[in-house]
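Engineer: Here is the input, now give the coordinates:
(one chain, ligands or ions: 1)
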Amino acid sequence: MTTTTEEEEESEQVVTPWDVSAGADGKIDYAKLVREFGCSEIDKNLIERIEMCTQTKAHPFLRRGLFFAHRELDEIVTAYEKGEKFYLYTGRGPSSESLHLGHLVPFQFTKWLQDAFKVPLVIQLTDDEKFLWKDLQLEDCRRLARENAKDIAACGFNPETTFIFADASYMCSSFYVNMVKIAKCVTFNQAKGIFGFTGDSNIGQIGFPPVQAAPSFPDCFPHMFGMNKKSLKCLIPCAIDQDPYFRMTRDVSHRIGGYKPALVESRFFPALKGESGKMSASDPTSAIYVTDTAKEIKNKINKHAFSGGGATIEEQRENGANLEVDVPWKWLNFFLEDDEKLKEIGEKYGSGEMLTGEIKQILVDVLTPMVEDHQKRRALVTDEVLDVYFNPTKTPKVFLDLFREYEEKEFGKWEKKKGGGDSENDDLCAALEEKMKLEGATENEEGCAIGAPKSEDWLRIRKERMQRDAPTEGSKSALKKAAKIKAAAEKKAAEKAAKAAARGEAATCNKN
Ligand code: TRP
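Structural biologist: This is a model prediction of the structure:
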């Protein structure tokens, strides 16, 4: 059992990016978090829509409510249903040599999102964050970032559409420009309110939130997404303790001319010794690591997994297990894919027909091959392979192809148009490919991502949104933009009218 001091017993739950502790009852109150943070719960309907538009069965994390909260995920889905793509952004603070199972959760889910939606992904390794908060040398954090990236890559991300970067190495002009713009919008008092900074916080910490906020805007990655802050919307899968960063980001998005990033947020992965917060990297028996051997996995589960089962066989048979607190049961909810089997285990174990030793054995049987497979994949991630993920000049052609493939599949328009003598569209393709070289890249007024789908519907949605989101009414840039949009619309209407008139004339000529 975890023991709590009197002081902790009275305490309220605390959830910040650096500190997660449960309330008096040792549990995290997720409903309260959703209320306090102001995000929304993911409902059945939203999950069904995701399944429909991706034609993919929802990941168990989604089906089982482990990813349970969101901000504007519904909007991302609505746009996607109409053919608009987005990009994924997630990350990790590299503070330990190897990852534990809890660390894998957001990455496994992100991998599923990437495959289901067929979208690009950026992964931030905050070596700077860990340097600022932990008793570590920067050089060690940078090394850990690369080590951790191997485990992340081993989750199976598509190297052609995934860009992994570590802050201390990637920091570039486009990134920095976003950072300062964000930083200017947030006062120290606001930062204190959001993150709990005090007079003792070092100023690197106080200045850090814009670093994690910036990748929410696509122009941090000009080699992939071009230079337009509104080229693509962003969806961030993360654990709910990261919400404060993105609440801040969403608050400033419009003021710096970008879209608010959408979020899909998970519960915490319960520690082996019982759910009172996150697993601790400093206590090796509180977690199973991706480097653990089969023997270690078995030992840890048998010795340390907190059980909700009866204290004796008789008690278990009589009363069954308390699934609310049972760690093997909770972990199976994460990692046992078979819904039927899971249900059966829950019934049998909950009623006492199944014993603690049995459910622990089932968990061992699920985790051992999972971890072994991970180790095999990780062994394949050589430095050369890793360099492909980290390449900041990665030819963005793959993104163009990715989107084109999608466009073709969904709308059957792109290729047809391109080859079909539609000169306007040919020009667009040529211009895009030119832009990919990033020579003199400028803002694309259409708000089109490089390679993003260009169905007419999509362009219309974009335009409407740009009009709606115009920065401050009456500002110079807003007026200029509005005038430009208006002029373009008028030009198009005039052309259409002229064409119609010409047709009309032709028809009259034919008649005569
Ligand atoms: N701060 C996160 C951590 O400590 C790492 C991180 C950076 C992240 N960017 C992110 C997590 C985006 C989720 C989404 O683990």
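Engineer: Is it correct that Leu88 falls within a strand?
Structural biologist: Yes: assessed with DSSP: H, G, I helix; E, B strand; the rest coil, Leu88 lies in a strand.
Engineer: what number of residues lie near it?
Structural biologist: 22 (other C-beta atoms under 10 Å). The way it works is simple: take the backbone N, C-alpha and C, and place the C-beta from them, glycine included.
Engineer: Surely it and Leu121 touch.
Structural biologist: Yes: using C-beta atoms under 8 Å, Leu88 is in contact with Leu121, at 4.3 Å.
Engineer: Overlap of the contact sets of the two?
Structural biologist: 110, 114 (C-beta atoms under 8 Å, 6 or more residues apart in numbering).
Engineer: quick one: low-confidence ranges for the stretch 151-300 of the chain?
Structural biologist: 275-282 (pLDDT under 70).
Engineer: Name the residues of it found near the ligand, please.
Structural biologist: Within the stretch 151-300 of the chain, the positions lying close to the ligand (C-beta under 6 Å from any ligand atom) are 212, 236, 238, 242.
Engineer: what's the distance between the second one and Phe217?
Structural biologist: When C-beta to C-beta, to the nearest Å is applied, the distance between Ile236 and Phe217 equals 12 Å.
Engineer: got it, and the third one?
Structural biologist: From Cys238 across to Phe217, the span is 16 Å (C-beta to C-beta).
Engineer: neighbour-wise, which of the two wins?
Structural biologist: Set Cys238 next to Phe217 and count neighbours by other C-beta under 10 Å: Phe217 wins out with 29 against 23.
Engineer: wait, what's in contact with the closest residue to the more buried one other than its chain neighbours?
Structural biologist: Take Phe217 and drop its neighbours on the chain: the residue closest to it by C-beta to C-beta, 6 or more residues apart in numbering is Gly258, 4.5 Å away. Contacts of Gly258 were listed using C-beta under 8 Å, 6+ apart, and they are 216-217, 229-230.
Engineer: Pull out the C-alpha coordinates of stretch 178-192 and format them as CSV.
Structural biologist: Extracted as CSV, the C-alpha positions of stretch 178-192 are listed here (Å, rounded to 0.1, in the frame of the first residue of the first chain):
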residue,chain,number,x,y,z
ASN,A,178,7.3,32.2,-33.3
MET,A,179,8.7,32.1,-29.8
VAL,A,180,9.2,35.8,-29.4
LYS,A,181,5.8,36.5,-30.8
ILE,A,182,4.2,34.2,-28.4
ALA,A,183,6.4,35.4,-25.5
LYS,A,184,5.3,39.0,-26.0
CYS,A,185,1.6,38.0,-25.6
VAL,A,186,2.1,36.5,-22.1
THR,A,187,2.8,38.5,-19.0
PHE,A,188,4.8,37.2,-16.1
ASN,A,189,1.6,37.4,-14.0
GLN,A,190,-0.2,35.2,-16.4
ALA,A,191,2.7,32.7,-16.6
LYS,A,192,2.7,32.6,-12.8
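Engineer: Please enumerate the strands of this structure.
Structural biologist: 14-16, 19-21, 40-41, 67-71, 86-92, 121-125, 162-166, 233-239, 262-266 (DSSP state E).
Engineer: Among those strands, which comes closest to His304?
Structural biologist: Closest to His304 of the strands of the chain is strand 19-21 (C-beta to C-beta; 19.6 Å).
Engineer: distance between the closest one and the chain's centre?
Structural biologist: Between the centre of strand 19-21 and the centre of its chain there are 21 Å (C-alpha atoms, centre = their mean, to the nearest Å).
Engineer: Can you tell me the strand partners of it and which way each runs?
Structural biologist: Using DSSP bridges, the strands paired with strand 19-21 are strand 14-16 (antiparallel).
Engineer: Name the nearest of the contacts of Gly258 relative to the ligand.
Structural biologist: Proximity of the contacts of Gly258 to the ligand (C-beta to the nearest ligand atom) peaks at Ser216, which lies at 8.5 Å.
Engineer: residues contacting the residue nearest to that closest one when sequence neighbours are not counted?
Structural biologist: Spatial nearest neighbour of Ser216, excluding adjacent residues (C-beta to C-beta, 6+ apart): Pro261 at 3.8 Å. Applying C-beta under 8 Å, 6+ apart, one finds that Pro261 lies in contact with 89, 216, 233-236, 246, 249-250, 253.
Engineer: Alright, that wraps it up for me.
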